[in-house]
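Peer 1: dropping a prediction and its sequence here:
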Amino acid sequence: MNNKTDKWHALHAETAVIGWEDLERFFARGNLLRVSTDIGLVDAAFEIAADNKLVIEKWTSNGYLAGVSNEEASLWAKGESELWSVIVLPWILVQHRQ
């Protein structure tokens, strides 16, 4: 395997289901990013870890990657959502699964 593949697999291994109560403090600090289901959670984490500005800017402008809104936070706080996360410091990336 090459380094890119190894890094992707390492990030994949670090994903986990997480409850909103464990994410609230990161939301309050502004360290929580929402990843659209239009892109993969691990793919987003990989590009952020690689500091791939062109891809990140494209995803941001298309709304695929953004800060978590107050409306999303309120919905997720009700506990009716399946949230997956991965850490790419200083960010916690979260994706809502249908």
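Peer 2: Looks like it came in fine. Since the structure is predicted, the reported quantities are computational estimates derived from the model, not experimental observations.
Peer 1: going forward, measure contacts and count neighbours with C-alpha atoms only.
Peer 2: Fine.
Peer 1: would residue 87 count as being in a helix?
Peer 2: No. Looking at residue 87 with DSSP: H, G, I helix; E, B strand; the rest coil, it is strand, so not inside a helix.
Peer 1: for it, which non-adjacent residue is closest in space?
Peer 2: Leaving aside its chain neighbours, residue 87 sits nearest to residue 93 (6.2 Å; criterion: Cα to Cα, 6 or more residues apart in numbering).
Peer 1: could you pull out the helices in this protein for me?
Peer 2: Under the criterion DSSP state H, the chain contains helices at 3-13, 20-29, 41-49, 53-62, 70-77.
Peer 1: and the nearest residue to residue 38 once chain neighbours are set aside, how far from residue 21?
Peer 2: Computed as Cα to Cα, 6+ apart, the closest residue to residue 38 that is not its neighbour in sequence is residue 64, at 6.7 Å. Distance, residue 64 to residue 21, using Cα to Cα, to the nearest Å: 24 Å.
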